[in-house]
Each structure stands twice: as C-alpha cells, then as structure tokens.
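Trainee: structure of the sequence below:
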Amino acid sequence: MDAFTTFTAVAAPYDPVNVDTDQILPARFLKMPRGSGKHYGGYLFFDARFNDDGSEKPEFVLNRASYRAARILVGNTNFACGSSREGAAYAFLDAGFRSVIAPSFSDIFFNNCLKNGIVPVRLDDATCARLRAQLAAKPGAEITVDLERQVVHGPDGAEHGFAIDGFFREMLLKGVDEVGLTLGLMDEITGFEARHAAASPWAAR
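Mentor: From the prediction side, this is the model:
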C-alpha cells in the first residue's frame, strides 16, 4: 500500500449517525472479487447513491459536483457499525479515500482501515460537527490529515490532535503491512537469533 504521511484533499460531510457497513457496501457486492477487474469503489454507498435504474441521486453528497473529488469523509457518531466486513474499507480505498474522520467507529472497521492504508481519525462530536458545517458552507474545501504530527487541519486552518496506535502508525508511514514491517526488521531479528544461539546453543539445535 502507499505510504501515508500528510494527505490534503477535498473533504465531504456526511451527517447520518449509526451508518452501518451494509450502507457503506451492500452485502450483495461482497461476492465481487477485487482481483478480477471489479473494484469496490463503484459500490461505495451504492443504495444511498443510486436509484433502482442506476441513475444518480443528485441529493447524495458524493454526487454533488463540489464533492466528487472528495478523498476524505467526515462522518458522525458510530460510523461503520454493524456486521464486520473488510469490504467496507475496500470500498473507501478503491474509491480513492485515504481518511475517514468521525467521533466514533466500530472497532473492526477502524482496524480494517488501518490495515488497508486508510487513516481513521477520531475527533470529538463537537469538532466533527464544526468540520461538517464548514465543509457544507464551503463545498470543495480541503482538509489535511498529518499522520506524522497526528493533527488534522480543518478548512479554517484550526488544528485538531488525534492519536493512532504506534504500531499501525509506523506501518502507515512506511506503506507496509504487518509482514512488510517485520521483514524490515530482519537485520535485528537475525542478530538476535545469532546472539541467542551463541548464549544458549542447546536451545538452538
């Protein structure tokens, strides 16, 4: 996955609370293999975004001209609740999103984002409400997510601190998964094994 250090993009406000993973990626699309040329990005918020005939619902935020380029979403409380499906994170990633900001997330979705190169940012309710209001008042406004400093820069320039577990932060900054991060420590691992074998040869047989 691509490294994430500092990311600036158009951000879209999404006000509904308790948005579940079936709204993010309807279950019927989970059978689509990502490696066959089918990408989950086209199914992101599918039922909220499209009519039965496939036409766009003009009132849906990501269908509006000012937010079509959005790559950051600012949501509301209990975002991505419900069933555990990694496809919900795939849908955001395949649609080009690198960060989702909300007051709270389901733990499974939060971790799936971290493992797929998306930075999930928890900010308090009042801050998220202000950010959504700013984005609604100025469609097309940008937000910056700075993972190195762990701060969000709002459209008004204000900084909002957040925290990401150090292990996942390191993976995101380097653009690697758990295996890649471990392989990057091979010199240290090899050195430890050599020292351990020398100190306890009976254990290294």
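Trainee: contacts and neighbour counts: CA atoms only from here.
Mentor: Noted.
Trainee: ok so residue 121 is a strand residue?
Mentor: Yes - assessed with DSSP: H, G, I helix; E, B strand; the rest coil, residue 121 lies in a strand.
Trainee: separation between the residue nearest to residue 82 when sequence neighbours are not counted and residue 33?
Mentor: Closest residue to residue 82 apart from its sequence neighbours, by Cα to Cα, 6 or more residues apart in numbering: residue 20 at 5.1 Å. According to Cα to Cα, to the nearest Å, residue 20 stands 22 Å off from residue 33.
Trainee: out of these two, which sits in the busier spot?
Mentor: Taking other Cα atoms under 10 Å, residue 20 and residue 33 do not tie; residue 20 has more neighbours (20 against 11).
Trainee: okay, now the sheet partners of the longest strand seen in the chain, with direction.
Mentor: If you go by DSSP state E, the chain has its longest strand at strand 6-13. Using DSSP bridges, strand 6-13 pairs in its sheet with strand 72-74 (parallel), strand 142-146 (antiparallel).
Trainee: contact partners for the residue nearest to residue 34 when sequence neighbours are not counted?
Mentor: Among residues not flanking residue 34 along the chain, residue 40 sits closest, at 7.0 Å (Cα to Cα, 6+ apart). The contact partners of residue 40, by Cα atoms under 8 Å, 6 or more residues apart in numbering, come to 29, 32, 34, 87, 90-92, 94-95.
Trainee: cool, and residue 114?
Mentor: Listed by Cα under 8 Å, 6+ apart, the contact set of residue 114 reads 120, 168, 172.
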